[in-house]
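Enquirer: turn this into a model:
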Amino acid sequence: MKPATPPRWATHLLRWLFALHRAEELEGDLDELFQQRVGEMGLREARWRYVRDVLSLLRPSLLKRDKTEYAKPTTTTMIRNYLKIAFRTLIKNKGYSFINIGGLAVGMTVAMLIGLWMYDELSFNKQFKHYDRLAKLWQFVKFDVEKSSYDALPIPLAKELRDKYPDFESVGISVTRNAILAAGEQKLLKMGNYVEPDVIDMLSLNVVSGTRFGNNDVNSILLSQSLADILFGAENPLNKLVKLDNKQTVKVAGVYEDFPANTTFNDVTFLVPWKFFAANDAGAKRDQDQWDSNSYQIYAQIKPGADFDQVSAKIKDIRMKLDNPPGYKPEFFLHPMSKWHLYNDFKDGVNTGGLVTFVWLFGVIGIIVLLLACINFMNLSTARSEKRAKEVGIRKSIGSLRSQLVAQFFSESLLMAVLAFVLSILFVQLTLPFFNQVADKQMGIPWKNPLFWLAGFGFSLLTGLIAGSYPALYLSSFQPIKVLKGIMRTSHSATIPRRVLVGFQFTASVTLIIGTIIVFRQIEHAKDRPVGYSRSGLIEIGMNAPELYNYYTSLHTELLNTGAVAGMSESSNSITVQAGGTTNITWKGKKTDSKPLVMSNYVTHDFGQTVGWQIKEGRDFSRNFTTDSSSMILNEALVKLMGFQHPVGEIVRQSGRDYKVIGVIKDMIKEDPFKPVNPSFFAVSYQNVNTINIRLAPQVSAHEALAKVEQVFKRYSPDAPFDYKFVDDKYSQKFGIEERIGRLAGGFAILAILISCLGLFGLASYMAEQRTKEIGIRKILGASVFNVWGLLSKEFVILVAIAFCLAAPLAYYVLSDWLKNYQYRTELSWWIFALSGAGALGVTLLTISFQAIKAALMDPVKSLRSE
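Expert: Below is the predicted model of the structure:
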């Protein structure tokens, strides 16, 4: 039977009106009197008298509160108290605090660096005013089986879009070229664009002085601010004259602010009217009405409300509806500016992504590394549970609620997160120059941006909540009776979450190690691929100056006479670039419906000897054979496409002219080293050339050889800068993206392992401290140092082994999928996984061995006495 209770409203009134210390005293006395009256007078009478007694106590002398006695603490007071206790805890446990704050700081540093990098990548080109309405024209063409994609287009397409498609607000042609700019004594080789005025408007050009050129301005130029400073120094550049390629003179119409580093146009240093280019370039003059001469870029801005996909559908078949549609069936489409940088890969007419894959991949890596640091905090906090148990028990026994304890532990984690954030800002500032160099960026901390500090505060708060969640809930759950009686011991099941978290740390670390090794192996695999020629001592010089044309024989003779040159030739493009191709080529046995794209290369007689290509069958070009002007050399890929067993002597018809095959060379890698070599032919021409190839003599130092070569070039083109490039360096640039990704992944993998080992070191030290008495007893009973070391190491070795078993298949699945993007790829060898696992195990043993051996060497008498 339940005991009788007084009216609740009267009890609540008593508690509300009186100070806490008085309410508790009065409520106890009234409750005792109430129970006595129930037995004597009955429940109803007792309740009525209870109410009368409560009301009779409403006297000013009793209602007066003493603010200093039992005053309910304010929220500010509570927070101040939490932080004070948190600071004291940090100072008291300096080693524990150092490991936690240091680990969190490293994790937050990685997350911030990746965050800055991701922001830079995702904000690419967003500086332009009409970013969401700008696009570049591309075309899909089908030469044989799959569709290929190109951003090179015919000139007449621009006029067609302007005149017949109202969805376009503006359309402009552009072409990128290197040019020699001369002003006074300054002579520079720079890259710029020849553009129509509409392109200037699309790019939201910020002209800092002067004006933009209009439709009627032909002989004018706009300079970037940095280029204007180099050419003219402190002088006002407006209306000054600049000579282009030692031929035409143009007037400076204006100076514009340099394009930001994270834009497609960041290396454009000058802009010249398209009409100037069309009037002076022989190719542009020829291509004005040629629908099948695809050599130019076209930019477009659609009207507000128009949709890129819908407009692309309208313009798709423009070429096929005209007279004489080509066999490669071009399909035009708009590629939005928002996708230029991150979504630039196409396969068979479908956009398959691009760099965006790496952006999200590193985002995941940043989150994982930060989680590893948070896990350190969780593990070390819960491992120290027995040291905090009495504190929890005492606080609970004197009235602390669990919610208050949770708030206390969260305040400690938030304080550590804030301190770690401040430390991580310092780390980021120190490492950012190196990170920019590795990532090929120009990033900085946006100190003046309030959004950055707001994001930093939210970042710290989130990190503190994640790191402190498990410890707060775990530590606040202790039962005070068991704790204060000393009967609470950490059970086997209580350590399972900690083991799972450590296992996750090493699973992530081993996966990153395997991934880093595979990335570097893929790069080295492609670098070791035979390129089909010799890059050593080979340089290239662009024929930007007109004086270099039509003097091949004398230039060749003078260079060889220096003794510093072993060979010299000219070609239609760089040996590391494939710029031209044709479908107008036939051979015996070719199917009539087959329209493969064959890459065309025009070279002088000495090209093969200069670059050191490898003749597989037949012979090289030679001046001893006058018929070589109508001869052709094929690469292995083209021979395979043609299906010839012995191609030497066969006739190939290209662009209405017959060529006799005189030789076959091994495939030369001119494009992507991760992809198969395209079918290509080489023919002799001294007209369609724009690159000089020079083989430096191996017995002469490069510095001396280049000085002699420069002297020869200055005699032919004294006003042009001597601009040369080593082919080996240009070829290495083909691996730039993969190498940057590999270096970044490797750096983050090392930091992930460092964070994991930092937490492991802390756990090992606390385990050794916790088992001090056990170790002492074992040593007295005859245990050796090795036995004790094995005792403390065994658990971590098992965890690393389990982590490896989880990481290996995960890494294999992810990396197999990544390697599918490369047709020329490395193998996922078993030893890579074994080496990664062994490395993780070795690092683990090294980390915990210090604490294990230190504990094993301790005098057992001291350890037992301390207990």
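
Enquirer: residue ranges with poor pLDDT in the stretch 101-250 of the chain?
Expert: By pLDDT under 70, the weakly predicted segments of the stretch 101-250 of the chain are 214-215.

Enquirer: quick one: Pro647 from Leu597, how far?
Expert: Summarising the geometry, the distance separating Pro647 from Leu597, computed by Cβ to Cβ, to the nearest Å, is 19 Å. For glycine as for every other residue, the C-beta is placed from the backbone atoms N, C-alpha and C.

Enquirer: swap in Leu104?
Expert: For Leu104, the distance to Leu597 equals 55 Å [Cβ to Cβ].

Enquirer: more neighbours: the two, which one.
Expert: Taking other Cβ atoms under 10 Å, Leu104 and Leu597 do not tie; Leu104 has more neighbours (29 against 17).

Enquirer: ok, that one touching Phe377?
Expert: Yes: with contact defined as Cβ atoms under 8 Å, Leu104 counts as touching Phe377 (6.5 Å).

Enquirer: quick one, longest helix in the chain?
Expert: Longest among the helix segments of the chain by residue count, using DSSP state H, is helix 402-439.

Enquirer: buried set for that one?
Expert: 405-406, 408-421, 423-425, 427-428, 431-432, 435-436, 439 (16 or more other Cβ atoms under 10 Å).

Enquirer: ditto for stretch 647-664
Expert: Buried residues in stretch 647-664, counted by 16+ other Cβ under 10 Å: 647-648, 650, 652, 654, 659, 661-664.

Enquirer: would you map the helices across the stretch 251-400 of the chain?
Expert: Using DSSP state H, counting those that start in this stretch, the helices found in the stretch 251-400 of the chain span residues 274-280, 282-286, 308-315, 356-383, 385-397.

Enquirer: same check, this time on the stretch 701-850 of the chain
Expert: Remark: helices assigned in the stretch 701-850 of the chain by DSSP H, counting those that start in this stretch are 702-716, 727-732, 736-770, 772-780, 785-819, 830-856.

Enquirer: of all those helices, which lies closest to Leu342?
Expert: Closest approach to Leu342 among those is made by helix 736-770 (12.3 Å; Cβ to Cβ).

Enquirer: can you give me the angle the closest one makes with helix 772-780?
Expert: On the basis of axes from the mean of the first three to the mean of the last three Cα atoms, to 10 degrees, helix 736-770 is oriented at 80 degrees to helix 772-780.

Enquirer: identify the residues contacting the nearest residue to Thr583 once chain neighbours are set aside.
Expert: Spatial nearest neighbour of Thr583, excluding adjacent residues (Cβ to Cβ, 6 or more residues apart in numbering): Lys595 at 4.8 Å. Shown here is Lys595, whose contacts under the criterion Cβ atoms under 8 Å, 6 or more residues apart in numbering are 142-144, 327-328, 583.

Enquirer: of these, closest to Leu845?
Expert: Of all the contacts of Lys595, the one with the least separation from Leu845 (Cβ to Cβ) is Asp144, at 57.0 Å.

Enquirer: what helices or strands is the helix or strand containing Arg162 leaning on?
Expert: With secondary structure defined by DSSP states H and E, Arg162 is part of helix 156-164. Using 3 or more Cβ pairs under 8 Å, 6 or more residues apart in numbering; DSSP states H and E as the contact criterion, the elements in contact with helix 156-164 are strand 168-183, strand 297-302.

Enquirer: out of these, nearest to Leu14?
Expert: Using Cβ to Cβ as the measure, strand 297-302 is the one of the helices and strands packed on helix 156-164 that comes nearest Leu14, at 75.3 Å.

Enquirer: report the angle between that closest one and strand 168-183.
Expert: 140 degrees.

Enquirer: okay, strand 297-302 in PDB with CA atoms only?
Expert: Listed in PDB are the C-alpha atoms of strand 297-302, where the atom choice follows Å, rounded to 0.1, in the frame of the first residue of the first chain:
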ATOM      1  CA  GLN A 297      38.200  28.100 -79.800                       C
ATOM      2  CA  ILE A 298      34.700  29.600 -79.500                       C
ATOM      3  CA  TYR A 299      33.300  31.000 -76.300                       C
ATOM      4  CA  ALA A 300      29.600  31.800 -75.800                       C
ATOM      5  CA  GLN A 301      27.300  33.400 -73.300                       C
ATOM      6  CA  ILE A 302      23.700  32.200 -73.300                       C
END
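
Enquirer: quick one: contacts for Ala508?
Expert: Counting by Cβ under 8 Å, 6+ apart, Ala508 makes contact with 368, 371-372, 752, 807.

Enquirer: distance of Ala86 from Tyr474?
Expert: Plainly put, Ala86 is 17 Å away from Tyr474 if you go by Cβ to Cβ.
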